[in-house]
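Chemist: turn this into a structure:
(chains A and B, ligands or ions: 2)
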Amino acid sequence: MSWPPPKRAPPSSANMSVDLTLPLPLTNSIPAINAGAAPSAPLVSVRAVEKTYFTRQAPVQAVASASLDVARGEFVSLLGPSGCGKSTLLMMIAGLEQPTGGSILLGGAEVKKPRRDIGVIFQDATLLPWKSALDNVLFPIRILKLPVEAYRPRALELLNMVGLSGFEHKKPSELSGGMRQRVAICRSLIHDPDILLMDEPFSALDAITRDQMNVALSEILETYKKTVIFVTHSIREAAFLSDRVVVMGGRPSTIALDMTMPFPRPRRFEIEETPEFALVCRKLRLTIEEAHQNPLAVRSAASGTFAGKIE
Amino acid sequence: MATTGIGTETGAIIATPTPPKESGGANVRGIVLPLGLAAIVLVGWQLAVTLGHIPPVILPSPVSITRYIIERYDILLMHAVPTTLESAASFVLATLLGIALAIIITYSQIAREALYPNLVFFQLIPKIALAPLFIIWLGIGSQSRIAFSVFIAFFPVVIATTAGFANVDKGMLRLCRALTASEWQIFTSVRFPAALPHIFSGMKIAITLAIIGVIIGEFITAQAGLGYLIIFATARADTEISMAAIVVLCICGLLLYGLVALGESIANRFYSADNS
Ligand SMILES: Nc1ncnc2c1ncn2[C@@H]1O[C@H](COP(=O)(O)OP(=O)(O)O)[C@@H](O)[C@H]1O
Ligand SMILES: [Mg+2]
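Modeler: Ligands and ions are numbered 1, 2, ... in the order given. Next up is the predicted model:
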């Protein structure tokens, strides 16, 4: 068995239910995520989803009718100012919150509760403080009752990949914020989920570390191809990492813009210095500002996909 | 160094106004200072008794108490055993009961709302006043002493453990739910280990209360035990025996407390945030 595994076949290939990249087959535990769905169907399908929180005071409508499709292998960012419902939408996709309207489909099946083929990363690394980096990476394996010893080489490989070899036996208190977040990334990948859901994973880091983490993440995803939904309020971060950027805005918030990023992969930090990158960021920023002032006007005007030119 | 010669180790430690830089010095200081103070008090006590001609009935000297302990260790040991065993049994039961109640309070909202205010209210009762009732309910055997001791010792365990279970990181719980972890998995792999420092601080209070509970029980009714010995000796104005029994009781208490602290340091080896 070779490790790291070869890159995954492109999304168009017909049978994806047998996963060759696993150190061990996950046997009957995980139903193939696109079983029963047409091969061309999106992996994640968010359809007219609404979410209203019923609090003790007035009900809070966090998301109003959001629709979004994510294809297998795609990296999609949800971008918007804080409080616009990005986390709420992500938690609904993770099965941690229930929509109050519309539906969310994963490989054709409605999401009712959390699933084991999803990996999550939050703003804080949320590591177990008494466990070593290695044991924290193996935590999902214990929870999913998979053979821990069989996954140990994979955990070490992942830690090595994010530049943490030599730190396997350190506890979180001995690691920097960036290192802890890298451990969390390894932990989200250890059980080889199909989908990664990341909620502002680098927001708590300083700007320099954050840039490093962006490069590290795109390198990781070149090796371990995943479908990623990434929440951020950083325009540059979204533009650098994503295949598509979805701008959320307005109150209650909807999807104001769904824009394809025209930059080739693999991406290196230099693309941030190109004029094209500056134009894309400008367009995103203007959409966010407009959505903030007059949500309804923007939704009709800016719902097209970016095609490489900016009007 | 400006001065040379006479600065012996102890002299230097006592003379230094700021804590020494290396931890070795601080450790020595942490041992020497309390032991020194205790020694001064003991010597002062001895001098006051011998020079002040205080009769032994009022206050026997440390030397005579020590001599008594050495000469009559068999009798003292005979009484120390039931007291220690009953304290240990009460402590274990109080800990188990306390943790069990904390689990119920944590996982059942109805139980929490019904139980918690009553527990706190219960705590306001001077529980010692209830000790004689336990004799009526459970007789004069060790079971009534243990029941009373559990009754006064379990409370700090409940409070500390409940706080520990509630203290767990919300993000960690969300991660566990996202990983489809069962409540039992969350409890064993996150909640319980995270609560361990709290649980041990509750247990350390519980062990001292458990000893107090057993001694009070023995004061009221017993045919053996250090509490019985103290009451028996005091009634016959034999202060020396009484004081010797108290010293032995302190040693037993230290022993039990030390066992809990040992358990804590073993748990720390596995569940500490610092690298061992
Ligand atoms: N559990 C909750 N209960 C009530 N209101 C909530 C809850 N979670 C989020 N909200 C509200 O929903 C809105 C969107 O929140 P969130 O999804 O966290 O936004 P974002 O992640 O974009 O910052 C905010 O107004 C927030 O106050
Ligand atoms: Mg958020």
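
Chemist: just the CA trace of stretch A:71-87, in CSV.
Modeler: This file holds the C-alpha atoms of stretch A:71-87, laid out as CSV (Å, rounded to 0.1, in the frame of the first residue of the first chain):
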residue,chain,number,x,y,z
ALA,A,71,-19.9,19.1,-6.6
ARG,A,72,-17.6,16.4,-5.4
GLY,A,73,-14.1,17.6,-5.0
GLU,A,74,-15.1,21.2,-5.1
PHE,A,75,-13.8,23.9,-2.6
VAL,A,76,-16.6,26.3,-1.8
SER,A,77,-16.2,29.2,0.6
LEU,A,78,-19.1,30.9,2.4
LEU,A,79,-18.1,34.5,2.8
GLY,A,80,-19.8,37.3,4.7
PRO,A,81,-19.6,39.6,7.7
SER,A,82,-20.0,38.0,11.1
GLY,A,83,-23.6,37.3,12.1
CYS,A,84,-24.8,36.7,8.6
GLY,A,85,-25.6,33.0,9.2
LYS,A,86,-22.5,31.3,7.7
SER,A,87,-22.0,29.1,10.8
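
Chemist: is ligand 1 within reach of that stretch?
Modeler: Yes: for stretch A:71-87, a contact with ligand 1 is found by C-beta under 6 Å from any ligand atom, at A:80, A:82-87. The C-beta positions use only the backbone N, C-alpha and C, and glycine is treated the same way.

Chemist: in the chain, which residue is most central in space?
Modeler: By default, I'm working from chain A. A:Ile229 (2.9 Å; C-alpha atoms, centre = their mean).

Chemist: try again with chain B
Modeler: B:Thr208 (3.1 Å).

Chemist: helix or strand right after the helix-or-strand element of chain B with minimal mean pLDDT?
Modeler: Within chain B, judged by mean pLDDT, DSSP states H and E, the helix or strand with the poorest mean is helix B:9-15; its value is a mean of 38. For helix B:9-15, the succeeding helix or strand toward the C-terminus, using DSSP states H and E, is helix B:23-51.

Chemist: quick one: average pLDDT of that following helix?
Modeler: Averaging pLDDT along helix B:23-51 yields 88.

Chemist: any buried residues in that helix, and which?
Modeler: Using 16 or more other C-beta atoms under 10 Å in any protein chain shown as the test for burial, helix B:23-51 gives B:29, B:45, B:49.

Chemist: now for it, which elements pack on it?
Modeler: Contact here means 3 or more C-beta pairs under 8 Å, 6 or more residues apart in numbering or on different chains; DSSP states H and E; on that basis helix B:23-51 packs against helix B:9-15, helix B:62-71.

Chemist: that one vs helix B:62-71, what angle?
Modeler: Relative orientation of helix B:23-51 versus helix B:62-71 (axes from the mean of the first three to the mean of the last three C-alpha atoms, to 10 degrees): 100 degrees.

Chemist: show me what the strand or helix carrying A:Met248 pairs with in its sheet, parallel or antiparallel.
Modeler: Secondary structure from DSSP H and E places A:Met248 in strand A:244-249. Partners of strand A:244-249 in the sheet, by DSSP bridges, are strand A:75-79 (parallel), strand A:254-260 (antiparallel).

Chemist: most packed of these?
Modeler: A comparison of the strands paired with strand A:244-249 by mean neighbour count, using mean count of other C-beta atoms under 10 Å in any protein chain shown, puts strand A:75-79 on top with a mean of 26.

Chemist: quick one: that strand to chain centroid distance?
Modeler: 7 Å (C-alpha atoms, centre = their mean, to the nearest Å).

Chemist: same question, stretch B:129-140
Modeler: Worked out by C-alpha atoms, centre = their mean, stretch B:129-140 lies 24 Å from the chain centre.

Chemist: strands along the chain, start to end?
Modeler: If you meant another chain, say so; for now it's chain A. Along chain A, counting by DSSP state E, strands occupy A:44-53, A:60-70, A:75-79, A:101-106, A:109-110, A:118-121, A:195-199, A:227-232, A:244-249, A:254-260.

Chemist: switch to chain B, that's the one I care about
Modeler: Under DSSP E, chain B gives no strands.
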